[in-house]
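What shape does this take:
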Amino acid sequence: MEQTKALNALEPFIVLTKSATAPRAAADLVTRATSASGTYVFAELLETPQIQALAESPEYAAYFTQLQIFSYGTYADYMCKADLPALNEQQTLKLRQLSLLTLAKNPHNLSYASLQSALGLTDARAVEELVISAIYADLIQAQLDPRNQAVLVSSVSPLRDLAPGSIPSMLANLQEWSGRCTSTLADLEAQIQAIKETAAARHLEKKQWKEETDKLVAAQADTDNKGKDGAHSHNQPRLISRAAAAFRSGRGKRERPGSAAYVFEDAGFDEMDVDDEDDPEDGPADSMAGTSGGKKRASRRKL
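Sure thing, here's the model as predicted:
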């Protein structure tokens, strides 16, 4: 966004170069472009044939050098060259602002003292005013730290042109940064994998513990059920056999406690209501005996 604004501000001066056939006109165009509001990139203007021709003019070659400094140099570079044209107020402010963008690449250059020296400022107040002007121009996002006498820059607009021969060093820096990112990513992936393995092992251990617990609970319940069933069924066949024998023998008296008849009577059965049927194979004697036994039972019931 900032680059688009800067290019739009520079576009009229690029168009004017077509009519600036004389070196003096081209030099005047350099002064106007670097003094105009909103112009912060100059590579396109620097590459036009009319401006390139200034480098071959002994009288106006200094303007070509001046435009190079505005494109990718700093205020300190300008001060090192005594034969350059003098800067007006607008040019001085802009070159200092552009130099601040370059210095912001290194946090160690952002103390009040360092900026004051690099930008040719008189005091800390002048440093703060310059930083504030750059913030309002959307060149940087920063905060002033008067207590520690430093400028805290959070972002810088990409408004500096590339200097000739700077691409190899920039490429090396990018490759170094890419290597650090790759190494960091590998470390993060290793840590994530370790966390996943630990979680899987913990889940498996919990599952095995639950299965073992369920088995133990089921085994204990089965043991308890077998114990209850055994207590009820152990004496049942013997009791039924003894009771059946008592009925067949036709005992009319109450048996002693513990006998089969006693057990059945105690359970609610009335043996006196059950009559033995006559066996067809028995003789008259057996029939009379059965009748006599029935009379005895009837008399006892009456009593």
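
give the contact list for Leu87.
Going by CB atoms under 8 Å, 6 or more residues apart in numbering, Leu87 touches Tyr78, Leu95. Yep, even glycine has a C-beta here, placed from its N, CA and C like the rest.

Can you tell me how far it is from Gln149?
27 Å (CB to CB, to the nearest Å).

Could you tell me the average pLDDT over stretch 68-79, please?
For stretch 68-79, mean pLDDT rounds to 94.

my bad, should have said stretch 195-202
96.

ditto for stretch 138-150
Regarding stretch 138-150, the rounded mean pLDDT is 93.

And for stretch 220-238?
Rounded mean pLDDT across stretch 220-238 is 65.

Let the chain start at 26 from now.
Let's use 26 as the start, then, which means that last one is stretch 245-263.

For Thr147, which non-adjacent residue is closest in space?
Nearest residue to Thr147, sequence neighbours excluded (CB to CB, 6 or more residues apart in numbering): Gln141, at 7.6 Å.

next one: Leu187
Leu187's closest residue in space is Tyr97 (CB to CB, 6+ apart), at 6.5 Å.

Roughly how far does that neighbour sit from Ala188?
4 Å.

out of these two, which sits in the more crowded spot?
Higher neighbour count among Tyr97 and Ala188: Tyr97, with 19 against 14, using other CB atoms under 10 Å.

May I have the residues that are in contact with that one?
Going by CB under 8 Å, 6+ apart, Tyr97 touches Arg185, Asp186, Leu187, Ala188, Ser191.

Could you do Lys30 as well?
Each residue near Lys30 by CB under 8 Å, 6+ apart is listed here: Gly63.

quick one: it and Asp239, what's the gap?
In terms of CB to CB, Lys30 sits 72 Å off from Asp239.

Assign Ser179 to helix, strand or coil.
strand (DSSP: H, G, I helix; E, B strand; the rest coil).

chain center to the helix or strand harbouring Phe89: distance?
Element membership for Phe89, per DSSP states H and E: helix 86-97. In this view, helix 86-97 has its centroid 50 Å away from the chain centroid, taken as CA atoms, centre = their mean, to the nearest Å.

Which positions in that helix come out as buried?
Neighbour-count burial for helix 86-97, counted by 16 or more other CB atoms under 10 Å, picks out Ala87, Tyr88, Phe89, Thr90, Gln91, Leu92, Gln93, Ile94, Phe95, Ser96, Tyr97.

Ala107: which of these is nearest?
Ala87 (10.2 Å; CB to CB).

Can you tell me the closest non-neighbouring residue to the closest one?
Distance criterion CB to CB, 6+ apart; nearest residue to Ala87, sequence neighbours excluded, is Leu109 at 5.2 Å.

which residues sit in contact with that neighbour?
Ala87, Thr90, Gln91, Ile94, Tyr103.

The first one against Tyr103, yeah?
No - Ala87 is not in contact with Tyr103 according to CB atoms under 8 Å; the separation is 11.0 Å.

Does Val152 touch Gln141 like I think?
Yes - here Val152 reaches Gln141: they are 5.4 Å apart, a contact under CB under 8 Å.

Same drill for the two, tell me which one is more crowded.
Neighbour count, other CB under 10 Å: between Val152 and Gln141, Val152 has more, with 24 against 17.

In PDB, list the C-alpha atoms belonging to the helix or strand where that one lies.
Val152 belongs to helix 149-161 when assigned by DSSP H and E. This file holds the C-alpha atoms of helix 149-161, laid out as PDB (Å, rounded to 0.1, in the frame of the first residue of the first chain):
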ATOM      1  CA  ALA A 149      17.000  14.200  22.000                       C
ATOM      2  CA  ARG A 150      14.000  16.500  21.300                       C
ATOM      3  CA  ALA A 151      14.900  16.600  17.600                       C
ATOM      4  CA  VAL A 152      15.200  12.800  17.500                       C
ATOM      5  CA  GLU A 153      11.700  12.500  19.000                       C
ATOM      6  CA  GLU A 154      10.300  15.000  16.500                       C
ATOM      7  CA  LEU A 155      11.800  13.200  13.600                       C
ATOM      8  CA  VAL A 156      10.400   9.800  14.700                       C
ATOM      9  CA  ILE A 157       7.000  11.300  15.200                       C
ATOM     10  CA  SER A 158       7.100  12.800  11.700                       C
ATOM     11  CA  ALA A 159       8.000   9.300  10.300                       C
ATOM     12  CA  ILE A 160       5.100   7.700  12.200                       C
ATOM     13  CA  TYR A 161       2.600  10.300  10.900                       C
END
